[in-house]
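Asks: Next comes the sequence, and after it the predicted model I'd like to discuss.
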Amino acid sequence: MKPIEKENVQATLERFINKDVYIHIETTNGAYASHFNDKAYNVGAYVRNATVRFTQAKIVGDGNVYRVGLKMEKGWIYAEGLTDWVIHEEEKLLLAGHDREGRLMVSLQISETPFDY
Amino acid sequence: MEKHVVVIYPHPDDESFGAAGTIINFRNQGVPVTYLCGTLGEMGRNMGSPTFANRETLPYIRKKELLAACNVLDIELKMLGYRDKTIEYEDRQEVAQHLKGILETIKPSLVITHYPDHAVHPDHNALGAAAIEAVRQMDKENRPTLWAQAISNNHIEELGDPDIKNDVTEHFDKKMEAILCHDSQASGILGNFKKRDEVADDVKEAAKRRLGKEQFYHWHFDD
């Protein structure tokens, strides 16, 4: 992946507006967080291949770390802490946030075709 | 001497970090070893350091890394096709039946897996429990010996001293070679002491202390 280029990501997000698309969204701090630090919590959430349709999409951020919000008819999807992006297999938009060691902390992915399952 | 050893862990790299030295010992004696690897570690958060994988390419990269590690360890590999972080939500009996079918074909004399509730990662605990259930359901006279590996911080307090303590420092270089096949993962874990192609001598000693012992509990069935 490469550091987020805001304008390119915004343009890519808009290509998915008003289409039925597949979403992958997750956050994780790993399965070993409380094993290595007894004061830490294991926290994560994960949705893969839910289909959604959004009418607005926006990326917001300061040049290093970004947030993306998708407005649906009956609700919202958002992710924060996004740092990197890539277009996978020509049409899948992958966004992710990595920590200093390059570990994935959050991801938001959008595609017109399902992600592998 | 063992006839055939089957190792059952959920992730590419569990075999190398957890049991590579023990596996090398068996292979040096000419004992066949088969690794039943539960998932492709699809949900790992280590993406290489610096990152070279992403959520979608990671399974393909980890599969290649797994094949390379199994080649170093000279073992047969069977990929079970579950998905990382989801094994505990599968039907326990279904997974056990799946494993039992494979074990009845291979007819191992020894099975190595994780110790349920003492293996930290939910996949470790769930696949370990399913593997033990699979062996339990085999006819008593055909059951292989079962070793369970505990890695929880409190396992010695709760379970006592492990029954099998393998000092594998003599195979340490080869164990490291297998671990380093898992480049997308190992670099995160070994990042502090992996320097380009070489492992610095003093840090290597530290790693040896950490990874130079492989310990297991003998699993006993009630009947």
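Replies: It's in.
Asks: Distance of residue A:6 relative to chain B?
Replies: From residue A:6 across to chain B, the span is 19 Å (CB to the nearest CB, to the nearest Å). No exception for glycine: its C-beta is placed from N, CA and C like everyone else's.
Asks: swap in residue A:109?
Replies: With distances taken as CB to the nearest CB, residue A:109 is found 7 Å from chain B.
Asks: Quickly find the element holding the residue lying closest to that residue once chain neighbours are set aside.
Replies: Nearest residue to residue A:109, sequence neighbours excluded (CB to CB, 6 or more residues apart in numbering or on different chains): residue A:24, at 3.9 Å. Take DSSP states H and E as the rule and residue A:24 turns out to sit in strand A:21-28.
Asks: List the buried residues in the very next helix or strand once past that strand.
Replies: Under the assignment DSSP H and E, the closest C-terminal helix or strand after strand A:21-28 is helix A:33-36. Neighbour counts over helix A:33-36 (16 or more other CB atoms under 10 Å in any protein chain shown) mark A:33, A:34 as buried.
Asks: List the contacts of helix A:33-36.
Replies: For helix A:33-36, the external contacting residues (CB atoms under 8 Å, 6 or more residues apart in numbering or on different chains) are A:40, A:41, A:42, A:43, B:120, B:152, B:153.
Asks: Need the buried ones from these selected in PyMOL.
Replies: Burial among the contacts of helix A:33-36 is assessed by 16+ other CB under 10 Å; the matching PyMOL selection reads:
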select buried, chain B and resi 120+152
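Asks: Hmm, which of the contacts of helix A:33-36 is lowest in pLDDT?
Replies: Lowest pLDDT within the contacts of helix A:33-36 is found at residue A:40 (83).
Asks: wait, it sits on residue A:29?
Replies: Yes. Contact status for residue A:40 versus residue A:29: in contact at 7.4 Å, counting by CB atoms under 8 Å.
Asks: how distant is the helix or strand bottoming out on mean pLDDT in chain A from the center of its chain?
Replies: Within chain A, judged by mean pLDDT, DSSP states H and E, the helix or strand with the poorest mean is helix A:33-36; its value is a mean of 80. Here helix A:33-36 is found 25 Å from its chain centre; the criterion is CA atoms, centre = their mean, to the nearest Å.
Asks: Do stretch B:5-16 and chain A come into contact?
Replies: No. Counting by CB under 8 Å from any CB of the partner chain, chain A is not contacted by stretch B:5-16; separation bottoms out at 9.9 Å.
Asks: now do the same end-to-end measure for that stretch.
Replies: 15 Å (CA to CA, to the nearest Å).
Asks: now it: mean pLDDT?
Replies: Mean predicted lDDT for stretch B:5-16 stands at 98.
Asks: Give me the distance between residue A:12 and chain B.
Replies: 15 Å.
Asks: my read: that residue touches residue A:87, true?
Replies: Yes. Counting by CB under 8 Å, residue A:12 does reach residue A:87; the two are 7.0 Å apart.
Asks: Touching both of those two, which residues are there?
Replies: Counting by CB under 8 Å, 6+ apart, the residues touching both residue A:12 and residue A:87 are residue A:93.
Asks: between those two, who's got more neighbours?
Replies: residue A:12 (18 against 12; other CB atoms under 10 Å in any protein chain shown).
Asks: so that one is in which element?
Replies: Per DSSP H and E: helix A:6-15 holds residue A:12.
Asks: Please identify which helix or strand holds the nearest residue to residue A:73 once chain neighbours are set aside.
Replies: Nearest non-adjacent residue to residue A:73, counting by CB to CB, 6+ apart: residue A:55, 6.7 Å away. In this assignment (DSSP H and E), residue A:55 forms part of strand A:54-61.
Asks: tell me the mean pLDDT over the helix or strand containing residue B:104?
Replies: Residue B:104 is part of helix B:92-106 when elements are defined by DSSP H and E. In this model, helix B:92-106 has an average pLDDT of 98.
Asks: Stretch B:162-177 too?
Replies: Throughout stretch B:162-177, pLDDT has a mean value of 96.
Asks: Can you list the buried residues in that stretch?
Replies: Buried, per 16+ other CB under 10 Å, within stretch B:162-177: B:162, B:166, B:168, B:171, B:172, B:174, B:175, B:176, B:177.
Asks: residues contacting residue B:58?
Replies: By CB under 8 Å, 6+ apart, the residues touching residue B:58 are B:40, B:41, B:42, B:44, B:47, B:184.
Asks: distance of it from residue B:42?
Replies: Residue B:58 sits at a distance of 6 Å from residue B:42 (criterion: CB to CB, to the nearest Å).
Asks: Over to residue A:15?
Replies: Relative to residue B:42, and taking CB to CB, residue A:15 is found at 26 Å.
Asks: When the two are compared, which one has more neighbours?
Replies: Neighbours per residue (other CB under 10 Å) separate residue A:15 from residue B:42, with residue B:42 holding more: 21 against 13.
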